[in-house]
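[1] Build me a model:
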Amino acid sequence: MNRILTPLAAASISMAALAASPVSAQVNGMATASPEAVIVRSAARIAGYQQIEQTYAAQIGQIRTLRQEMNTLQQQLDTNRDGNLTEQEVQANPAVVQQIQQKEQQVNQVSQPVAMAQYYVIEQLINDYQNAQNQVLQQKRIQLLISPDAIQYAPDSFNVTDDIVAALNQRMPTVTTTPPAGWQPMRETVATHQAVQQILLAAAQQQAIRQQQQQQQPQQQQPSPQGR
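    Down below sits the predicted model:
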């Protein structure tokens, strides 16, 4: 099975001619898609992760508490309160450093079953991703699928990520969240899981920024009190 995370060779491809041409991208036989985005947006991945959050709610809460405690300890090391830890600050308080390391080990232990469940969800989708992709390639008569990283500009119709998501949802609407005894994830699964987590983290950060901006707007729109 092909590695879905390995991008195509990033050749310098000019899309100006395609953008200017009235012929559709599919007729040209070329398209782009993001395998990572397909996995993130698949219905089975979303439902699987929600099930994992419910199953391992206690562990996830413990992980959150441990990370908060680690942040508090790291702030104790930051004696000049500049937000950066220097080597001198770290070496000045080895007892606190040891506490942070111990809590980090606890996080790794507690998060292991959560990560394994997520790995299993991801791997099931990876195993059928190629079939879903080939289905879209045949339907749209695409002969060359390009990584988004290799493209400077393309019309929206050039991206078939949504089509592959739909095909994968149809082929695999649900997945199992409990791996078999002794199961170990493939190396590709671990890499894909890391990419998925990064995408989800970036999306959560963007949502937090938008919420903060929405909260600030009503305050800015409030009329200032009139002076007497």
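[2] Point out the other helices and strands that the helix or strand containing V121 packs with.
    For V121, the element it lies in under DSSP states H and E is helix 94-139. Here helix 94-139 touches helix 35-41, helix 43-55, helix 57-77, helix 161-171, helix 187-221, going by 3 or more C-beta pairs under 8 Å, 6 or more residues apart in numbering; DSSP states H and E. All C-beta atoms are positioned from the backbone trio N, CA, C, and that covers glycine.
[3] Any idea which of these gets closest to N28?
    helix 161-171 (15.9 Å; C-beta to C-beta).
[4] Look up how far Q205 lies from D78.
    Plainly put, D78 is 22 Å away from Q205 if you go by C-beta to C-beta, to the nearest Å.
[5] These two: who's more crowded?
    Taking other C-beta atoms under 10 Å, D78 and Q205 do not tie; D78 has more neighbours (14 against 10).
[6] residue contacts, T161?
    Contacts were defined as C-beta atoms under 8 Å, 6 or more residues apart in numbering; by that measure T161 touches T32, A33, S34, A37, V38, R41.
[7] The second one reaches N134, doesn't it?
    Think A33. No. Between A33 and N134 there is no contact under C-beta atoms under 8 Å: 11.8 Å.
[8] Show me where the protein dips below the pLDDT cut-off.
    In the predicted model, the chain carries pLDDT under 70 at residues 1-27, 218-228.
[9] switch to 50 and redo it
    By pLDDT under 50, the weakly predicted segments of the chain are 1-27, 228.
[10] my guess is Q76 meets V90, correct?
    No. Counting by C-beta under 8 Å, V90 is not a contact partner of Q76; they are 11.2 Å apart.
[11] before we move on, the earlier item: neighbour-wise, which of A33 and N134 wins?
    A33 (24 against 14).
[12] measure that one to V136 for me?
    Taking C-beta to C-beta, one finds A33 at 8 Å from V136.
[13] Between the two, which contacts overlap?
    Counting by C-beta under 8 Å, 6+ apart, the residues touching both A33 and V136 are V160, D163, I164.
[14] give the contact list for the first one.
    Under the criterion of C-beta under 8 Å, 6+ apart, the neighbours of V160 are A31, T32, A33, V136, K140, I142, L145.
[15] Good, wrapping up.
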